[in-house]
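Colleague: need coordinates for the following:
(2 chains)
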Amino acid sequence: GAGVSQSPSNKVTEKGKDVELRCDPISGHTALYWYRQSLGQGLEFLIYFQGNSAPDKSGLPSDRFSAERTGGSVSTLTIQRTQQEDSAVYLCASSPSVGIGSHGYTFGSGTRLTVV
Amino acid sequence: KQEVTQIPAALSVPEGENLVLNCSFTDSAIYNLQWFRQDPGKGLTSLLLIQSSQREQTSGRLNASLDKSSGRSTLYIAASQPGDSATYLCAVRPSNTGKLIFGQGTTLQVKP
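Modeller: As a prediction, the model looks like this:
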C-alpha cells in the first residue's frame, strides 16, 4: 500500500480481555517496528521484525505481550489479559531492508487502546 | 546505552519568527538521525533524515544539521507559521541495532 496502515484506529476493551492490533506495512518494506506511546510519555520501543523473524523483542513489557509477522507483511501485536496500564497509542512503522541503517521509518497513524 | 535529549520541552513563538530546536545524543555510533512531527492525536510524520555521513538536510523552510562527533542535531524552522504548531521528535538509529531511540520531543506553538 501507499502507507503504513493500522487497525483498528481506536479500541476500548475491558480489563482482562485479550486484544489484537494489526499493522500492514508499506509494500516491499521488510522491516517492521512496534512502539508504544503512553499519555504524556515518549515513544517506547517494543519489538522489531526483519522479514518474519524478530531480532529484537527486548521492549515487550511482559509475557502478556506478543507479536508475530507472517508472509513478511502484516504483523499482529497481541496483548493478553489487558491491564489499565496497557492504555496507550500503539504505533507501527516500516522501512526497507536494504542497507537497513540508511533508510528512515514511515509510521502508521496508530491504534489508541483504552482499557476500562 | 544511547539516550536522546531534546531542549526545550516546549516553545511558544509569534508567527514569522525563525527558531531552532535542539537534540543531543550520548553515543556517536549511529547510522542516521530522523526528525518527525506529531500532531495531537495523530501518528508521526517524517520531516528529514540525515545519514551519519551527512552534515545537513533541507526541505522547504526546514533545515536539519548533524554534528555526530559532538552528539548534536538542530532543526531550524524559518518564518514559522501557526500550521507548524506540533510536537517535534528527534530519533537516532544506533549502528548496532535496527530500532530508533527517541527524544521526549519539543512541543511548539506558533501564535498568529
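Colleague: kindly report the residues of chain A close to chain B.
Modeller: By C-beta under 8 Å from any C-beta of the partner chain, the residues of chain A that approach chain B are A:31, A:33, A:42-43, A:45, A:48, A:50, A:55-56, A:59, A:91, A:93, A:100-110, A:112. For the C-beta atoms, the positions are set from N, CA and C on the backbone; glycine is no exception.
Colleague: among those, which ones are buried?
Modeller: Buried residues within the residues of chain A next to chain B, counting neighbours by 16 or more other C-beta atoms under 10 Å in any protein chain shown: A:31, A:33, A:42-43, A:45, A:48, A:50, A:56, A:59, A:91, A:93, A:101, A:103-110, A:112.
Colleague: list the contacts of residue B:80.
Modeller: Neighbour list for residue B:80: B:13, B:15, B:16, B:17, B:18, B:19, B:108, B:110 [criterion: C-beta atoms under 8 Å, 6 or more residues apart in numbering or on different chains].
Colleague: the residues you listed, buried ones only, as a ChimeraX selection?
Modeller: If you want just the buried ones from the contacts of residue B:80 in ChimeraX, going by 16+ other C-beta under 10 Å, the selection is:
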select /B:13,19,108,110
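Colleague: farthest-separated two in the contacts of residue B:80?
Modeller: Of all pairs drawn from those, the one with the longest distance (C-beta to C-beta) is B:16 and B:108, at 13.9 Å.
Colleague: now the contacts of residue B:80 as TSV including secondary structure?
Modeller: Shown next, in TSV, are the contacts of residue B:80 (DSSP: H, G, I helix; E, B strand; the rest coil):
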residue	secondary structure
B:13	strand
B:15	coil
B:16	coil
B:17	coil
B:18	coil
B:19	strand
B:108	strand
B:110	strand
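Colleague: can you add distance to chain A and give the contacts of residue B:80 back as CSV?
Modeller: Shown next, in CSV, are the contacts of residue B:80 (distance: C-beta to the nearest C-beta, whole Å):
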residue, distance to chain A
B:13, 22
B:15, 27
B:16, 30
B:17, 26
B:18, 25
B:19, 21
B:108, 16
B:110, 22
